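1. Okay, sequence plus prediction incoming.
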Amino acid sequence: MGAGASKISNTKGLVQQVKAGPHKLKHRLDDTAVVRTNVGVPVVALLTQETIQHIFNTDLVDKEKYYLGYAGVRDQLMRGHCPSMFTNGQEHRRKKAFLIDVLQRCQETLPSVLLDKILVHFEEWSRLKVLPDFEDRVFFLFSDAMTEAVLGKKVDGRLALTWLKGLMKIRTWIPMPTRARRGSLASKVLPDLLKTIEESPKYEELRRLCRVHGIEEEEDGIINVMFTIIFNAVAAIASAVVTFTARLYTVTESEKKNLRKTTLLALKKHGGITEESLGEMKLLESFLLEVLRLHPPVFDFFGVAKQDFVISTRKEKVEVRRGEQLLGSCFWAQRDVSAFVCPGLFRSNRFLDEEGGVDKKRHLIFPHGSLTEPADLDSHQCPGQDIAFFYMKATLAVLLSYCSWELKAIPVWSDKAARVGKPDDLVSLTWFEFDSDKARSVVGS
Ligand code: HEM
């Protein structure tokens with residue numbers, strides 16, 4: 001029986017959640033589809049491709065302001081303005097339409113800004129040779145590229161990272177001094193962060209767009225842009241790229257060689273990073289999708305039932321009461337055996353066309369909805385996937401074709417939600433080399 005009443009306390013639930021993460025919800029061989037449990041808050045957890053659809057249904061489920069189940073964002077770090085992904089109804093429609101407009105307006109500058117940053121950052125990494133802070137450095141690369149493309153001027157990546165690291169809080173009475181310290185550091189950098197945005201070339205344009213989209217307080221719009229760049233965009237793509245780098249370590253030499261060869265071939269054929277060359281990097285894309293299937297940056301999607309409803313599965317009918325928290329487990333739904341053969345295995349060619357990849361892609365739900373369906377204003381699905389894939393594929397293509405590196409340790413995944421898909425220990429490089437001359441001759445901007 002999956003969804004019986006769970007009597008455990010929030011504290012015990014939270015401790016289990018931190019220790020076991022998604023493995024608290026079910027054993028990998030169970031076929032449980034729904035379970036009532038406690039992950040720091042009581043939840044009805046949806047664990048399959050079929051049941052997780054309920055969390056995407058905005059007629060049944062609302063977002064909770066500032067909260068994702070047991071975790072939340074510190075509203076003072078948002079100056080009391082709520083990010084789009086935590087809002088509902090008209091407020092959500094307005095904010096999401098505004099953000100989509102902002103993102104569309106930077107589409108043209110985005111590729112050249114990114115290529116420039118890739119070359120500059122990789123050259124710096126190569127000079128340093130050893131990168132104990134590799135994860136932060138990937139974040140800085142994407143932060144520079146994204147902020148410059150959207151704002152016309154880059155924001156200091158260290159300010160952005162300090163703000164991000166202090167953003168999340170946990171719903172518990174247990175004292176968390178490290179989190180508290182990070183929260184107060186983040187409060188300190190917020191004025192500098194906002195000042196850089198206010199002084200950026202695109203600031204007036206962003207204020208105008210706020211008015212166009214009926215966002216009454218301009219600060220609300222600006223904070224939403226900041227949240228989207230740093231939290232929604234940069235944090236997610238940086239994590240996926242670090243996870244990819246670690247995953248490469250786990251595949252055979254011949255797989256790696258083939259990946260490098262096909263990527264470089266596409267780059268050379270089209271004379272650099274273009275829509276065409278990226279489109280031809282089928283193995284790179286399949287590898288990346290497999291990384292995002294097994295290690296999505298967001299494991300759990302949360303929402304609150306707006307009304308009573310029933311979830312019917314093959315085995316049972318589960319009644320959900322209005323006000324109950326729902327947890328959609330992206331982690332388990334992307335390991336559902338009804339959609340993926342041998343779902344626990346990492347198979348880098350799983351999403352190739354000849355492997356039926358096109359059909360399988362629709363079961364990828366890491367963007368908070370099917371990857372093959374476009375995001376719209378009535379859902380909470382991510383509207384940034386095109387940008388995300390351009391950023392990730394372009395960076396990985398240059399990395400694979402012109403760089404060599406060594407990881408400090410063999411990566412191990414025990415699936416800690418707080419690591420947003422990355423392996424348990426910090427990913428560091430003991431050595432990094434970049435063939436800048438060759439890269440510039442092909443991808444030079
Ligand atoms: C691999 C990279 C990415 C992943 C896995 C990802 C995933 C997600 C997920 C799971 C959500 C929903 C969160 C929730 O409601 O609980 C979301 C929302 C969002 N994402 Fe992404 N994202 C990625 C990259 C990006 C990028 C590059 C951008 C912008 C350029 C972006 C912009 C947004 C925005 C604006 C929302 C809020 C949508 C709304 O309010 O309805 N994301 N993303």
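-> Structure's in. What do you need?

2. For the rest of this, base every contact and every neighbour count on C-alpha atoms.
-> Fine.

3. For the protein, list the residues in contact with the ligand, please.
-> Proximity of the chain to the ligand (C-alpha under 6 Å from any ligand atom) is limited to residues 84-85, 96, 99, 228, 232-233, 236-237, 297-298, 301, 366-368, 379-385, 387-388.

4. let's go with 5 Å and repeat that
-> Ser84, Met85, Asn232, Ala233, Ala236, Ile237, Pro367, His368, His380, Cys382, Gly384, Ala388 (C-alpha under 5 Å from any ligand atom).

5. Turn these into JSON lines, including secondary structure and pLDDT.
-> Formatted as JSON lines, those follow (DSSP: H, G, I helix; E, B strand; the rest coil; pLDDT from 0 to 100):
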{"residue": "Ser84", "secondary structure": "helix", "pLDDT": "98"}
{"residue": "Met85", "secondary structure": "helix", "pLDDT": "97"}
{"residue": "Asn232", "secondary structure": "helix", "pLDDT": "97"}
{"residue": "Ala233", "secondary structure": "helix", "pLDDT": "98"}
{"residue": "Ala236", "secondary structure": "helix", "pLDDT": "98"}
{"residue": "Ile237", "secondary structure": "helix", "pLDDT": "98"}
{"residue": "Pro367", "secondary structure": "coil", "pLDDT": "98"}
{"residue": "His368", "secondary structure": "coil", "pLDDT": "98"}
{"residue": "His380", "secondary structure": "coil", "pLDDT": "97"}
{"residue": "Cys382", "secondary structure": "coil", "pLDDT": "98"}
{"residue": "Gly384", "secondary structure": "coil", "pLDDT": "97"}
{"residue": "Ala388", "secondary structure": "helix", "pLDDT": "98"}
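
6. Just the buried subset of those residues, please.
-> Buried members of the residues of the chain next to the ligand, scored by 16 or more other C-alpha atoms under 10 Å, are Ser84, Met85, Asn232, Ala233, Ala236, Ile237, Pro367, His368, His380, Cys382, Gly384, Ala388.

7. any idea which of those is closest to Gln104?
-> Gly384 (9.8 Å; C-alpha to C-alpha).

8. can you tell me how far the nearest residue to that closest one once chain neighbours are set aside sits from Val427?
-> Nearest non-adjacent residue to Gly384, counting by C-alpha to C-alpha, 6 or more residues apart in numbering: Ala233, 7.3 Å away. Counting by C-alpha to C-alpha, to the nearest Å, the gap from Ala233 to Val427 is 20 Å.

9. Provide the secondary structure category for Ser112.
-> What DSSP: H, G, I helix; E, B strand; the rest coil gives for Ser112 is helix.

10. Reformat the buried ones among the residues of the chain next to the ligand as TSV; add distance to Lys153.
-> Shown next, in TSV, are these (distance: C-alpha to C-alpha, whole Å):
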residue	distance to Lys153
Ser84	24
Met85	25
Asn232	19
Ala233	17
Ala236	21
Ile237	20
Pro367	28
His368	30
His380	29
Cys382	25
Gly384	20
Ala388	20
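
11. can you give me the offset of stretch 118-134 from its chain's centre?
-> 23 Å (C-alpha atoms, centre = their mean, to the nearest Å).

12. who touches the host helix or strand of Leu193?
-> In the assignment (DSSP states H and E), Leu193 maps to helix 177-198. The contact list for helix 177-198 (C-alpha atoms under 8 Å, 6 or more residues apart in numbering) reads 74, 76-77, 151, 155, 159-160, 162-169, 203.

13. Repeat the analysis, applying 7 Å as the threshold.
-> By C-alpha atoms under 7 Å, 6 or more residues apart in numbering, the surrounding residues in contact with helix 177-198 are Leu77, Val155, Leu159, Thr162, Trp163, Lys165, Gly166, Leu167, Tyr203.

14. now do stretch 378-393
-> Counting by C-alpha under 7 Å, 6+ apart, residues outside stretch 378-393 touching it are Phe56, Thr58, Met85, Arg93, Ile100, Ile237, Val241, Leu278, Pro367, His368, Gly369, Ala375.

15. For the residue of the stretch 101-250 of the chain found nearest the ligand, give its distance to Tyr249.
-> Across the stretch 101-250 of the chain, the shortest distance to the ligand (C-alpha to the nearest ligand atom) belongs to Ala233, at 3.6 Å. The gap separating Ala233 from Tyr249 is 25 Å, by C-alpha to C-alpha.

16. What mean pLDDT does the strand or helix carrying Arg260 get?
-> Using DSSP H and E, Arg260 maps to helix 253-269. The average pLDDT within helix 253-269 is 96.

17. Please name every helix or strand in contact with it.
-> With contacts defined as 3 or more C-alpha pairs under 7 Å, 6 or more residues apart in numbering; DSSP states H and E, helix 253-269 has these neighbours: helix 275-280, helix 282-294, helix 385-402.

18. Tell me which of the ones you listed sits most buried.
-> Mean neighbour count (mean count of other C-alpha atoms under 10 Å) peaks for helix 282-294 among the helices and strands packed on helix 253-269, with a mean of 23.

19. Following the chain past it, name the next helix or strand.
-> strand 300-305.

20. so is the closest residue to Pro411 other than its chain neighbours in a helix, a strand, or just coil?
-> Once flanking residues are discounted, Pro411 sits nearest to Pro423: 5.7 Å by C-alpha to C-alpha, 6+ apart. Taking three-state DSSP as the rule, one finds Pro423 in the coil state.

21. show me what contacts the residue of the stretch 51-200 of the chain found nearest the ligand?
-> Residue nearest to the ligand within the stretch 51-200 of the chain (C-alpha to the nearest ligand atom): Met85, separated by 3.4 Å. Residues in contact with Met85 (C-alpha under 7 Å, 6+ apart) are His380.

22. what's around the residue lying closest to Thr263 once chain neighbours are set aside, how many residues?
-> Spatially, and ignoring its direct neighbours in sequence, Thr263 is nearest to Met281 (5.6 Å; C-alpha to C-alpha, 6+ apart). As a burial measure, Met281 scores 20 neighbours (other C-alpha atoms under 10 Å).
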